[in-house]
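>>> The sequence and its predicted three-dimensional model are supplied below.
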Amino acid sequence: KPALNYWLMWTGVKMLGMNSWGLRIGSAVVGALLILYLIMALRRLYGENIALISGLLTATALHSTVIFRGATPDPLLILTVTIALLSYLRAYLFPDIRNRELLIAYAAMAFATLDKGPIGFLLPGLIIVLFLLLRRDLSFLWREGRLALGVPIFLIITLPWYLAVGVETHWAWDRAFIFKQNIGRFSDSMQGHRGPWVYYLLSTFLGMLPWSIFLPQTFRDIWASRQHFLHRQPKTLFLLVWGTAWIGFFTLSATKLPNYVWEAYPPLFILLAAYFEKVRAGASRPARWGLVLSLGVLFLIGLALSIFAGWIVPRVEPRLPNMVEIGVPYLLAAGIAGALLWHQRWAQAWVTLGIGGVALTALLVFVIIPPFNGVKPSREMGQRIAALQGQQPYRLASWQWFQPNFLFYAGRGNMPIHHLQALAELPAVLGPEPLYLVCPENAVAAVRAAVPAAYQQQTIMLRYEIYNHENIALLQISPRTKNLDHAIAPY
């Protein structure tokens, strides 16, 4: 990946040390900045109430718990894309701040590109062009779009790093990033991340819980004014194009991950917030049966979560405990909010659902996630390597298994890991230092057969891994010494 997220993680490590807090604090700060930006940017577009509601919906959604705790480039991409698109919309609607907002939009697209590559400007650009085409105002791009300033700003921010890494790696990084990590991921699924065409419709609905249960009412309200919003409601049109284009683009991609479409959440949260405020102000009266149905769906989701985590998961994965409590927040929130909405106490109902979202977040962070860490071998393997090696040098390699967090826990500084494509490559990565190699347990015999006679191999750890449902072995391969009686006890 490009450098921006690594700079953010480096800053966190400098402040808090090389640990999960140091690596993740940047994502948490970015999440807070996203909420703050939404509240500030939407005040002029929609008013203070909708701006505040949009921020609260974003903060309490289910997927926010996951995305803004991970040491990945996604939070920065979400923030920069949101800034780019909302700034462009503000520039389009408000001539008095047009210059400033357009420059912010171009700079944000540049930082998005520096964070995750061409997607940072291609998709925002596509959304802007589609919006202007639907408005029959494409000439805005060159007439008022300040391209003469925007393009140089974009290039000044992005080109230095891309050129530097290209020269440093003789353009190998650039080729691999563009053709494998971008075009390759779009044309062919990678690392088993695939799904049906409805994948993102389902993942978006689940990720935006508990608020997504009201999307049908929101879209129905928009549909009722469909004859006018193309030309009279540019804000609504822009948000619809934004969400639809982003989800549609990644639906066409062969590689599918829920994180890929989080950038479509902000426009949907804004549309939901606008609908909630409309209902609260009495400008729209939703049918009671529709509200009951929506909250019934949330109740059933909570019930399904409890059944799945309390009975099915422990049977399929006995190493995990009973987690029946996971569905309780949604069960309670749906029941209480249903009673409040029936009596048209709108604000209290929204607050109840928000509390349910926060409660589920707390459960996930403090109760549900810790047991899962016990069936992820990377941390324990890293501790074992550190105990054996101390400050002595060593190497890392993987064969038929790898998780990115293994390199974090097992590596030291900017240590690379050799991903073997064939066991014939093993002798080339061996040296005077011990080599620690991870592989599935059923591949240990093949690895042992590939170890040259001048080296000895020991299995120093065997741990179950939940994602692949198999045992993973940590092997130490080191040069043979005269004293062969010394052995490391596996555990």
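Now that the structure is in, tell me what you want to look at.
>>> Follow the chain on from the worst-scoring helix or strand of the chain on mean pLDDT and name the next helix or strand.
Every helix and strand of the chain was ranked by mean pLDDT, DSSP states H and E. The lowest is helix 185-187, at a mean of 65. Going down the chain from helix 185-187, the next helix or strand is helix 199-207, by DSSP states H and E.
>>> Could you give me the buried positions within that next one?
Neighbour-count burial for helix 199-207 flags 199-200, 203-204, 207 (criterion: 16 or more other C-beta atoms under 10 Å). In short, each C-beta sits where N, CA and C put it, glycine included.
>>> ok, so of these, who is nearest F111?
Nearest to F111, judged by C-beta to C-beta, of the buried residues of helix 199-207 is G207 at 23.8 Å.
>>> buried stuff in the host helix or strand of L149?
Using DSSP H and E, L149 maps to helix 147-168. Residues of helix 147-168 classed as buried by neighbour count (16+ other C-beta under 10 Å): 150, 153-154, 157-158, 162, 165-166.
>>> And it, what does it pack against?
Packing contacts for helix 147-168, counted by 3 or more C-beta pairs under 8 Å, 6 or more residues apart in numbering; DSSP states H and E, involve helix 98-116, helix 172-175.
>>> confidence score at the nearest residue to S284 once chain neighbours are set aside?
Take S284 and drop its neighbours on the chain: the residue closest to it by C-beta to C-beta, 6 or more residues apart in numbering is K278, 4.5 Å away. On pLDDT, K278 comes in at 93.
>>> Would you confirm that K278 contacts P286?
No - in this structure K278 lies outside contact range of P286 using C-beta atoms under 8 Å: 9.6 Å.
>>> ok, R384 - contacts?
Contacts for R384 (C-beta atoms under 8 Å, 6 or more residues apart in numbering) come out as 460-461, 474.
>>> one more time with 6 Å
Neighbouring residues of R384 by C-beta atoms under 6 Å, 6 or more residues apart in numbering: M461.
>>> Over to L34?
L34 neighbours (C-beta under 6 Å, 6+ apart): L79.
>>> hmm, try it at 8 Å
L34 neighbours (C-beta under 8 Å, 6+ apart): 58, 75, 78-79, 82, 266.
>>> between those residues, which has the most around it?
Using other C-beta atoms under 10 Å as the neighbour criterion, P75 leads the contacts of L34 with 28 neighbours.
>>> I figured that residue hits F68, correct?
Yes - using C-beta under 8 Å, P75 is in contact with F68, at 5.5 Å.
>>> Overlap of the contact sets of these two?
Joint contacts of P75 and F68 (C-beta under 8 Å, 6+ apart) are 27, 30-31.
>>> With distance to G17, mean neighbour count and mean pLDDT as new columns, can the helices and strands packed on helix 147-168 be given to me in a markdown table?
Converted to a markdown table, the helices and strands packed on helix 147-168 look like this (distance: least, C-beta to C-beta, whole Å; neighbours: other C-beta atoms under 10 Å; pLDDT from 0 to 100):
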| stretch | distance to G17 | mean neighbour count | mean pLDDT |
| --- | --- | --- | --- |
| helix 98-116 | 24 | 22 | 96 |
| helix 172-175 | 28 | 13 | 80 |
